[in-house]
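Student: Compute the structure for the input listed below.
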Amino acid sequence: MAKTPIRVLVADDHAVVREGIRSVLQGEAGFTLVGEATTAAEAVRLVGDLQPDVAVLDVTMPGGSGLEATARIRQQFPATRVLILSMHDNPEYTKESVRAGAHGYLLKDSAAAELRQAIRTVSDGETYFAADSGPAPADAALQPLTMRERDVLAGVALGRTNKEIAATLGISPRTVETHRESLMRKTGVRTVAGLTRLAMDAGLVPAWR
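Tutor: Predicted structure coming up:
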């Protein structure tokens with residue numbers, strides 16, 4: 001029995017980008033392009049009307065950003081998965097996408113096969129974030145961490161303060177700081193951007209949503 005095609009909505013204000021994605025999806029079995037939007041507001045409206053499995057959103061669009069649209073889609077239509085497609089190879093954009101609720105982040109210059117794989121991955125309930133330079137050894141880096149340190153790492157990746165993480169986990173802010181220092185020492189990662197990448201590659205972030 002054939003698997004039902006993944007229903008995809010694309011939102012980008014550049015016609016050439018939409019045309020390229022359309023070509024990528026129509027050239028492969030397993031995908032159905034159900035709609036196209038040129039603004040953030042139109043993207044949210046069409047997600048409500050069409051109920052796609054995956055919405056592929058550009059970061060920068062007229063009338064609001066793709067991140068703002070992501071947050072509204074996640075709140076109003078949680079069944080739709082969101083993949084951000086961006087020209088910005090910047091950890092801060094990735095971090096903001098995670099905070100908005102996106103399930104994936106992919107660069108616009110990625111190969112057609114990677115775009116299709118990213119859509120499949122988020123449609124299957126997982127996350128997909130493009131690596132900066134090859135696969136990150138996330139699993140190996142997380143092995144020395146305790147479960148509580150992993151919880152704190154996930155909170156850091158979502159931009160939570162020590163106080164917010166402490167409230168979520170039911171521990172003191174000072175204990176959170178101790179866990180942060182410990183996980184940085186164990187992983188060798190000292191920046192928030194680096195910790196965010198590590199948490200996303202390891203699949204820790206979705207558990208906090």
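Student: Domain-wise, how is the protein divided?
Tutor: Listed by automatic domain parsing, the domain ranges of the chain are 6-129, 138-208.
Student: Pick the most buried one from these.
Tutor: domain 6-129 (a mean of 19; mean count of other C-beta atoms under 10 Å). Yep, even glycine has a C-beta here, placed from its N, CA and C like the rest.
Student: Which of the three states applies to Asp109?
Tutor: For Asp109, the secondary structure call by DSSP: H, G, I helix; E, B strand; the rest coil comes out as coil.
Student: Columns mean pLDDT on top of the domains of the chain, output as TSV?
Tutor: Shown next, in TSV, are the domains of the chain (pLDDT from 0 to 100):
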stretch	mean pLDDT
domain 6-129	89
domain 138-208	82
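Student: So Glu36 lies in a strand, does it not?
Tutor: Yes: Glu36 forms part of a strand when assessed by three-state DSSP.
Student: Would you mind listing the residues in contact with the residue nearest the centre of the chain?
Tutor: When C-alpha atoms, centre = their mean is applied to the chain, the residue found nearest the centroid is Gly104 (2.9 Å). Residues near Gly104 by C-beta atoms under 8 Å, 6 or more residues apart in numbering: Arg81, Val82, Leu83, Ile84, Ala118, Thr121, Val122, Thr127, Tyr128, Phe129.
Student: Helices - which of those residues land there?
Tutor: Ala118, Thr121, Val122 (DSSP state H).
Student: Go through those and name the one nearest Val34.
Tutor: Using C-beta to C-beta, Val122 is the member of these that lies nearest Val34, at 15.7 Å.
Student: With Pro173 as the reference, measure out to the closest one.
Tutor: 34 Å (C-beta to C-beta, to the nearest Å).
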